[in-house]
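> 3D, please:
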Amino acid sequence: MTWHEALKEYQLYLQIERGIATSTLEAYLRDLERYASHMEAVMEKGGPETITREDLLEFLQYLAEECFLGNRSLARNISAIRSFHSFLLADEFMEHDPSELLELPNFAKKLPTVLSVAEVESLIEAVDLEHPQGLRNRAMIEVLYAGGLRVSELINLALSRLYLEEGFVKILGKGRKERLVPIGQPATEAIRQYVRKVRINQAVAAGNEDFLFLNRRGKGLSRVMVFHIVKALVQKADIQKKVSPHTFRHSFATHLIEGGADLRAVQDMLGHESITTTEIYLHMDREYLREVHALYHPRK
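Okay, the predicted model is just below:
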């Protein structure tokens, strides 16, 4: 059973048999779509029946350390995952329930993975511009890093929301809140090159006309596809860190803070509701300073 099929069956169960409220249904499905995308794209799990309890713990660690989810949000995700797997077991789509004994782990606070400026540049240079989709992939990486976008914001970026002359893009973020994000000259030029040489000549599937980034079938990209593109570039650039599309967002914020950017400005660009979420990058900057001091100070 594929992830798509499992989520579809579960959605029908919630709608028809449980009759839960639309808002609750949407919240559960958002959490589970992220879960399925991560398991399929990052952990390369072919379907729900391949999941183990260890896989679930690794996913929760990703939510805590990479997505900065607090205990309340983690508990909601656990509830959604346990309900999902319990349904699949009850309806005999699975023979075991890996989430049966899943509880909220006590994760030690850990700073997320960040790329150096040189590593970001090596990833961009690793893009094969001779490949038909090379210009698209380069523009995607440039925009991820230049604007600190979430992968969901990247794949939903619209042509009608580009303000390239001004060097801005309009992002539709969490809770459908809009924000203007500057992206700089390299990302702006990468978008222009992609649009002029690839996007304008591509046949577009109905309903996908406004998506900036398209796959070969003329449809908007999936989160899974972006994960695969990043993973391939990481291997080609021989970077040994664990890198996901979200790593570019962490790197964007960290490099701005290291360069002296105002925390409130970084908060606005990232679209964080609370500045306490953004403050993690202050700690990362202090860690960087500590490493520099330890490396270069004569009194080691």
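
> Which parts of the stretch 1-150 of the chain are helices?
According to DSSP state H, counting those that start in this stretch, the stretch 1-150 of the chain carries its helices in the segments 3-12, 22-37, 53-65, 71-90, 117-125, 134-147.

> now for the fourth one, which elements pack on it?
Other helices and strands packing on helix 71-90, by 3 or more C-beta pairs under 8 Å, 6 or more residues apart in numbering; DSSP states H and E, are helix 3-12, helix 22-37, helix 53-65. Placement of C-beta: from N, CA and C, glycine included.

> Make a markdown table out of the ones you listed and add mean pLDDT, distance to residue 111 and mean neighbour count.
Shown next, in a markdown table, are the helices and strands packed on helix 71-90 (pLDDT from 0 to 100; distance: least, C-beta to C-beta, whole Å; neighbours: other C-beta atoms under 10 Å):
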| stretch | mean pLDDT | distance to residue 111 | mean neighbour count |
| --- | --- | --- | --- |
| helix 3-12 | 93 | 30 | 15 |
| helix 22-37 | 90 | 21 | 16 |
| helix 53-65 | 90 | 8 | 17 |
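
> of all those helices, which lies closest to residue 174?
Of all these, helix 22-37 sits nearest to residue 174, with 9.8 Å by C-beta to C-beta.

> That closest one vs helix 53-65, what angle?
110 degrees (axes from the mean of the first three to the mean of the last three C-alpha atoms, to 10 degrees).

> and helix 22-37, what does it pack onto?
helix 3-12, helix 71-90, helix 223-236.

> change it to 6 Å
helix 71-90 (3 or more C-beta pairs under 6 Å, 6 or more residues apart in numbering; DSSP states H and E).

> Give me the residues contacting the helix it packs on.
Here helix 71-90 makes contact (C-beta atoms under 6 Å, 6 or more residues apart in numbering) with 10, 13, 28, 31-32, 48, 94, 97, 99, 102, 104.

> Average pLDDT for stretch 269-278, rounded please.
Averaging pLDDT along stretch 269-278 gives 85.

> start to end distance for that stretch?
10 Å (C-alpha to C-alpha, to the nearest Å).

> shift numbering so it begins at 869
With the count now opening at 869, the last piece we talked about shows up as stretch 1137-1146.

> list the buried ones in that stretch?
1137-1140, 1146 (16 or more other C-beta atoms under 10 Å).

> Identify those among these that sit within helices.
1137-1138, 1146 (DSSP state H).

> Relative to residue 892, which of the residues you listed is nearest.
residue 1138 (27.4 Å).

> residues contacting the closest one?
Counting by C-beta under 6 Å, 6+ apart, the residues that residue 1138 touches are residue 1016.

> low-scoring stretches of the stretch 869-1018 of the chain, by residue?
975-978 (pLDDT under 70).

> before we move on, back to that, present the buried residues of stretch 1137-1146 as CSV; the columns should include distance to residue 870.
Converted to CSV, these look like this (distance: C-beta to C-beta, whole Å):
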residue, distance to residue 870
1137, 36
1138, 33
1139, 32
1140, 34
1146, 37
